[in-house]
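**Q** Output the structure for:
(one chain, ligands or ions: 2)
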Amino acid sequence: LGLGGIALGGCGSLLPGNRELPRIPGANSGDAPSGAVKEFEIFSEPLEFEVGGRRVSTWGYNGRVPGPEIRVTEGDRLRMRVRNRLPESTTVHPHGLPVENAMDGVPHLTQPPIPPGGDFLYEFTVPTSGTYLYHSHAGLQLDRGLYGPLIVEPKREPLDYDREYVILLDDWLDGVNGTPEDAFREMNTEAGPPGGMMGGGMMGDSSMVEYPFYLINGRPPEDPETFEVRRGERVRLRISNPASDTLFRFAVGGHRLTVTHADGQPVEPVEVDALRIGSGERYDVLLEAGEPGVWQVAAAPEGRSGLARALLRYRESAATSPPPPNSRPEELNGELLLYGDLHNLREETFPQDGPLAGGPDRTLDLTLARQMGGMGGMGRRPGRGWTINGQTYPDAEPLEVEKGEWVRVELTNHSPVPHPMHLHGHFFQVRTEGGGGPFKDTLLVEGHMGRAAFDFVADNPGKWFFHCHLTYHMESGMARVVRYR
Ligand code: C2O
Ligand code: CU
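**A** Numbering: from 1, shown residues only. Ligands and ions are numbered 1, 2, ... in the order given. Just a heads-up that it's a prediction; the model follows:
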């Protein structure tokens, strides 16, 4: 694929010890504003939602799930007025974008929550292009339907493609199996009632929420959205996973995927059949429309049954009927993208350790685990906690860093389930064998003693949330604050 010219120029900043640290696009990268102001009005509100032939009451943005697309260009001034029509307080977080701390939307940490009837203006200069999300960061609200796509186009598009589709994956229970609050309560009951909504999942206990539906762009498999293409076109898919408790495996029947971006950041194009996408992660892929037919765009929840799907329909094959909703494209079991396959496409990269490069100024060694019994993360709720170094947020010490430092985070997962760990306010570089790993903001740490590490430059002062993006884990304490001294 002719993807030339995508590399971003950039000069590193020379730091003590003659080390060149990457100048990562972010709130303080000094990129020139475009001068344009883009205004959006977002209502957080109760709404009726049709899912699997039922009408349920839930919460979402501007009357729909997912919320309306917010699309801007890097350098724009984004002004997003959020009006809260919910019966409880809320915030909105621009997931993945390194904005200034006060605009990050974490209740009690970066702003007071927006009360019912209140409003808040999120305003910032959009620091970098890519595929992002906006979503509620209050309690379990994300698992209602309070999320939407936030797409930032580059000033000049280096990729060459004919069409683009935005794909949001979700797991759905609200209004069908009670509410997220019910699920959380049941999860934190020592012995969840057998046959209740908490499935055994792969853990053989009640640590996973059981979802009756998996959705693509708010639609169940029986009523899929259709993406039209023509033979010979090159199609860009922007895939995001804002689901609250689900790791998806994603593939498109009959097509290979060329991954071009991970968490909005450009990578050397790599071709695969399928990719795993944890909560909070995003991938951009290109596919060549070559095989006329009606194909499934499928996302299979890992460790559970069921499927989310949309359809890829060629104009040339209007007569073909879609595959049945319970059929799975074989590409789901094909060649899978691994982090080690992803190579950063920037000039900037963290130096490999060595006598010349030195090493990070600070290493944070973090252990992810599940604490049985005792008090849950919220203190007032009895039950189990998901911990970082044995502590549950908010009763947890902040992780301290200093401005300008090269910080390394090393993670070990003592629990059996993968945790998608998300850092606010910064991109980090995933440490992969041989170096040059992708810049991301969310990283899956595999279960059963899985290990992962990343490096970031502490270049965006503030108090930043770092947490597991599975809403129920976050709410049970798997979170810390990264605080600049
Ligand atoms: Cu997508 Cu802290 O969140
Ligand atoms: Cu987790």
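
**Q** Quick one: name the residues of the stretch 351-485 of the chain near ligand 1.
**A** Contact residues, the stretch 351-485 of the chain versus ligand 1 (C-beta under 6 Å from any ligand atom): His422, His424, Phe465, His467, His469. Placement of C-beta: from N, CA and C, glycine included.

**Q** And for the stretch 201-350 of the chain?
**A** Gly280.

**Q** Identify the residue of the stretch 201-350 of the chain closest to ligand 2, quick one.
**A** Relative to ligand 2, the nearest point of the stretch 201-350 of the chain is Ser279 (8.5 Å; C-beta to the ion).

**Q** Report the contact partners of that residue.
**A** Asn241, Pro242, Ala243, Ser244, Asp245, Thr246, Leu247, Pro420, Thr442, His469, Leu470, Thr471 (C-beta atoms under 8 Å, 6 or more residues apart in numbering).

**Q** just to revisit the earlier point, now, among the residues of the stretch 351-485 of the chain next to ligand 1, which is nearest to ligand 2?
**A** His469 (7.5 Å).

**Q** Contact partners for the closest one?
**A** Taking C-beta under 8 Å, 6+ apart as the test, what His469 contacts is Gly278, Ser279, Gly280, Pro420, Met421, His422, Thr442.

**Q** Count residues in the vicinity of the first one, would you?
**A** By other C-beta atoms under 10 Å, the residues close to Gly278 number 23.

**Q** contacting residues for it?
**A** Asn241, Leu247, Pro418, Pro420, Thr442, Leu444, His469.

**Q** about what we covered before: identify those among the residues of the stretch 351-485 of the chain next to ligand 1 that sit within helices.
**A** Among those, no residue falls in helices (DSSP state H).

**Q** Quick one: residues contacting the closest residue in space to Glu225 that isn't next to it in sequence.
**A** Nearest non-adjacent residue to Glu225, counting by C-beta to C-beta, 6 or more residues apart in numbering: Ala310, 4.5 Å away. Going by C-beta under 8 Å, 6+ apart, Ala310 touches Ile167, Ile216, Asn217, Arg219, Pro224, Glu225, Thr226, Phe227, Gln296, Val297.

**Q** Widest-spaced pair of the residues you listed?
**A** Asn217 and Gln296 (14.2 Å; C-beta to C-beta).

**Q** of the two, who's got more company?
**A** In this view Asn217 and Gln296 are compared by other C-beta under 10 Å, and Gln296 has more residues nearby, 25 against 18.

**Q** Backbone dihedrals for that one, both of them.
**A** phi -90, psi 130 (degrees, to the nearest 10).

**Q** when you give positions from now on, start the count at 2
**A** In the new count, where the first residue is 2, that last one comes out as Gln297.

**Q** and the gap between the closest residue to it other than its chain neighbours and Arg283?
**A** Closest residue to Gln297 apart from its sequence neighbours, by C-beta to C-beta, 6+ apart: Gly254 at 4.5 Å. To Arg283, Gly254 is 22 Å away according to C-beta to C-beta, to the nearest Å.

**Q** out of those two, which sits in the busier spot?
**A** Neighbours per residue (other C-beta under 10 Å) separate Gly254 from Arg283, with Arg283 holding more: 27 against 21.

**Q** A helix includes Ala184, no?
**A** Yes: counting by DSSP: H, G, I helix; E, B strand; the rest coil, Ala184 is located in a helix.

**Q** how many neighbours does the nearest residue to it once chain neighbours are set aside have?
**A** Nearest non-adjacent residue to Ala184, counting by C-beta to C-beta, 6+ apart: Val210, 4.9 Å away. Close neighbours of Val210, defined as other C-beta under 10 Å, add up to 25.

**Q** And the one 3 residues further on, by the same measure?
**A** Other residues within reach of Pro213, judged by other C-beta under 10 Å, total 15.

**Q** in terms of contact, does it touch Asn178 like I think?
**A** Yes: counting by C-beta atoms under 8 Å, Pro213 sits close enough to Asn178 to count as a contact (5.7 Å).

**Q** Show me how this structure divides into domains.
**A** 38-154, 164-177+213-338, 363-485 (automatic domain parsing).

**Q** Generate TSV for those domains, with distance to Phe185 as supplementary columns.
**A** Shown next, in TSV, are those (distance: least, C-beta to C-beta, whole Å):
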stretch	distance to Phe185
domain 38-154	6
domain 164-177+213-338	10
domain 363-485	6
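
**Q** Hmm, Ile240 is touching Ile278, no?
**A** Yes: using C-beta under 8 Å, Ile240 makes contact with Ile278 at a distance of 6.3 Å.

**Q** Pairing partners for the residue in the stretch 302-451 of the chain positioned nearest to ligand 1 in the sheet, please.
**A** Proximity to ligand 1, evaluated over the stretch 302-451 of the chain using C-beta to the nearest ligand atom, is greatest for His423 at 5.2 Å. Beta bridges link His423 to Thr443, His468, judged by DSSP bridges.

**Q** Distance check, it against Asp120.
**A** 26 Å.

**Q** Between the two, tell me which one has more neighbours.
**A** Per other C-beta under 10 Å, whichever of His423 and Asp120 has more neighbours is His423, with 24 against 15.

**Q** now the strands: where do they sit in the stretch 52-201 of the chain?
**A** 55-62, 71-74, 78-85, 93-96, 120-126, 131-137, 148-154, 164-173, 199-200 (DSSP state E, counting those that start in this stretch).

**Q** Check the average confidence over the fourth one, would you?
**A** Strand 93-96 shows a mean pLDDT of 98 in the predicted model.

**Q** tell me which parts of the chain are close to ligand 2?
**A** His420, Cys469, Leu471, His474 (C-beta under 5 Å from the ion).

**Q** run the last query once more with 6 Å
**A** Trp387, His420, Cys469, Leu471, His474, Met479 (C-beta under 6 Å from the ion).

**Q** Now flag whichever of those residues is closest to Arg305.
**A** Leu471 (13.5 Å).

**Q** Now for that closest one, how many residues are close by?
**A** Neighbours of Leu471 (other C-beta under 10 Å): 29.

**Q** In terms of pLDDT, where does it sit?
**A** Reading off the model, Leu471 has pLDDT 97.

**Q** buried ones in stretch 215-233?
**A** Tyr215, Leu216, Ile217, Asn218, Gly219, Arg220, Pro221, Pro222, Pro225, Phe228, Val230 (16 or more other C-beta atoms under 10 Å).

**Q** returning to what we had before: can you tell me the SS state at the residue nearest to Glu226?
**A** Here Ala311 is strand, with the state taken from three-state DSSP.

**Q** Write down the beta-bridge partners of it, one by one.
**A** Counting by DSSP bridges, the residues bridging with Ala311 are Val298.

**Q** Find the residue closest to whatever residue of the stretch 52-201 of the chain ends up closest to ligand 1 in space, skipping its chain neighbours.
**A** Using C-beta to the nearest ligand atom, His96 is the residue of the stretch 52-201 of the chain that sits closest to ligand 1, at 3.7 Å. With sequence-adjacent residues excluded and distances taken as C-beta to C-beta, 6+ apart, His96 is closest to Leu134, at 4.1 Å.

**Q** On the strand side of things, show who that neighbour bridges to.
**A** Going by DSSP bridges, Leu134 is paired in beta bridges with His96, Pro150.

**Q** picking up where we left off before, can you tell me which two in the contacts of His470 are farthest apart?
**A** Going by C-beta to C-beta, the pair spanning the contacts of His470 furthest: Ser280 and Met422, at 10.3 Å.

**Q** Overlap in contacts, the two.
**A** Common neighbours of Ser280 and Met422 (C-beta under 8 Å, 6+ apart) are Thr443, His470.
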